[in-house]
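1. Return atomic coordinates for the entry below.
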Amino acid sequence: MIDQAVRGLHASFTPRRILRVYGMRRSGNHALIDWIMRNTAGGGLFLNNCKPGRDPVATSRGITAYSGGEELDLADWSSKIAAVGDAPVTLVSYEDRMPPVDRKPLYAAPETCVIIYRSFLHWAASLLRKIQGNPGYGPVERMRVMMNAVATYGTMLERVQDEDTVPLLYDRWNAEDSYRTEIAARLDLPGRDLGKGQMQRYGGGSSFQGKSAVPETLDTDKRASQMADDLEYQLILWTTARDPHFVARLAEVFPEDALRLSDLLRTAKAEVTLP
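-> Residues are numbered from 1 along each chain as shown. The predicted model follows:
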């Protein structure tokens with residue numbers, strides 16, 4: 001937990017720019033965040049998984065300092081904040097949350113609201129595989145977690161279309177060099193490092209390939225096919241396919257995913273054997 005000395009820093013904390021980043025777990029959040037921070041000019045701070053509506057320095061789950069695009073190897077949080085200078089670029093992240101419509105500025109600095117997102121079929125496959133690795137969750141609990149996450153994902157489908165939001169699609173970032181160049185320009189970043197970087201330590205690594213994987217070997221575009229025969233995954237797709245409002249929102253952002261759900265609803269047959 002954050003120490004008392006750091007709690008007092010928020011009063012004098014004066015970033016020159018804020019990137020407020022929202023995203024669902026297993027959407028490539030930390031890969032993209034690390035890439036953004038490696039492309040910031042001057043000093044930068046990444047405040048991980050903060051609590052909405054509260055001081056981000058005091059509620060962050062972790063603080064990472066960058067200088068000139070390099071992560072600083074510093075142990076305590078006070079040293080990290082002190083090392084980046086008086087006016088760092090500060091990225092504040094929120095997990096499994098979407099930006100409120102009436103959000104208020106965090107500091108007296110320009111803010112950019114960013115949503116990192118991923119195609120529905122691959123995201124759902126990755127999140128379910130991650131949850132299945134938790135021995136404390138049975139199938140009922142897994143379905144509860146997944147359905148709650150799907151509801152938030154539905155909100156995300158609406159918010160990525162807001163004019164005051166910069167949407168960053170992980171699928172394209174991972175696959176296209178030109179898209180990373182486009183992102184750097186849109187976020188007004190120097191674009192010094194357009195590579196995908198290293199596997200991030202947050203979240204336990206890849207749901208399918210673990211911590212030992214490297215970005216070049218990640219089959220992130222195959223997650224849906226890798227889970228295609230999983231009965232729980234099929235149930236999630238069947239359930240969401242029966243929600244016309246969700247499918248309509250999905251069609252606006254990921255029309256191919258929506259078409260696959262619609263096809264599933266037309267062709268699949270649920271077979272239940274009653275006692």
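2. which phi and psi does residue 185 have?
-> When read as degrees, to the nearest 10, the backbone of residue 185 gives phi -70, psi -40.
3. Repeat that for residue 169.
-> Taking degrees, to the nearest 10 as the convention, residue 169 sits at phi -90, psi 110.
4. Find the nearest non-adjacent residue to it, please.
-> Counting by C-beta to C-beta, 6 or more residues apart in numbering, residue 117 is the residue found nearest to residue 169 once chain neighbours are left out, at 6.2 Å. For every residue, glycine as well, the C-beta is placed using N, CA and C.
5. what's around the one you found, how many residues?
-> 25 (other C-beta atoms under 10 Å).
6. what ranges do the strands span in the stretch 151-275 of the chain?
-> Assignment of strands within the stretch 151-275 of the chain using DSSP state E, counting those that start in this stretch yields the ranges 165-169.
7. Contacts only, for the nearest residue to residue 230 once chain neighbours are set aside.
-> Nearest residue to residue 230, sequence neighbours excluded (C-beta to C-beta, 6+ apart): residue 128, at 7.3 Å. Residues counted as contacts of residue 128 (C-beta atoms under 8 Å, 6 or more residues apart in numbering) are 142, 146, 227, 230, 232-233, 236.
8. What helices and strands are in contact with the biggest helix by length in the chain?
-> The longest helix of the chain (DSSP state H) is helix 139-159. Packing partners of helix 139-159 (3 or more C-beta pairs under 8 Å, 6 or more residues apart in numbering; DSSP states H and E): strand 111-117, helix 120-132, helix 231-241, helix 244-253.
9. how about the residue nearest to residue 169, what does it touch?
-> Residue 117 sits next to 23-24, 27, 123, 156, 160, 167-170, 253 when contact means C-beta under 8 Å, 6+ apart.
10. In CSV: these, plus distance to residue 102.
-> Listed next are the contacts of residue 117 as CSV, based on distance: C-beta to C-beta, whole Å:
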residue, distance to residue 102
23, 20
24, 21
27, 24
123, 27
156, 18
160, 18
167, 20
168, 23
169, 26
170, 27
253, 23
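11. are any of these buried, and which?
-> 23-24, 27, 123, 156, 160, 167-170, 253 (16 or more other C-beta atoms under 10 Å).
12. Check the gap between the closest residue to residue 152 other than its chain neighbours and residue 155 for me.
-> Closest residue to residue 152 in three dimensions, ignoring its sequence neighbours and counting by C-beta to C-beta, 6+ apart: residue 96, at 6.0 Å. Per C-beta to C-beta, to the nearest Å, residue 96 is found 11 Å from residue 155.
13. any residues in contact with both of these two?
-> Common neighbours of residue 96 and residue 155, using C-beta under 8 Å, 6+ apart, do not exist here.
14. Which one's more surrounded, the two?
-> residue 96 (17 against 13).
15. Ramachandran coordinates for the residue nearest to residue 152?
-> According to degrees, to the nearest 10, residue 96 has phi 50, psi 30.
16. That one contacts residue 27, doesn't it?
-> No. Between residue 96 and residue 27 no contact is recorded; they are 9.7 Å apart, counting by C-beta atoms under 8 Å.
17. three-state assignment of the nearest residue to residue 90 once chain neighbours are set aside?
-> Counting by C-beta to C-beta, 6+ apart, residue 15 is the residue found nearest to residue 90 once chain neighbours are left out, at 3.9 Å. Following DSSP: H, G, I helix; E, B strand; the rest coil, we place residue 15 in the coil state.
18. What of the one 4 residues further on?
-> Classification of residue 19 by three-state DSSP places it in strand.
19. just the contacts of residue 117 now: which is nearest residue 195?
-> Of all the contacts of residue 117, residue 170 has the smallest distance to residue 195: 15.3 Å, by C-beta to C-beta.
20. Looking at the residue nearest to residue 169 now. What's its pLDDT?
-> For residue 117, the pLDDT comes out at 97.
21. give me every residue that touches the spatially closest residue to residue 39 that is not a sequence neighbour.
-> Using C-beta to C-beta, 6+ apart and skipping residues adjacent in sequence, the residue nearest residue 39 is residue 189, 4.1 Å away. By C-beta under 8 Å, 6+ apart, the contact list for residue 189 reads 36, 39-41, 183.
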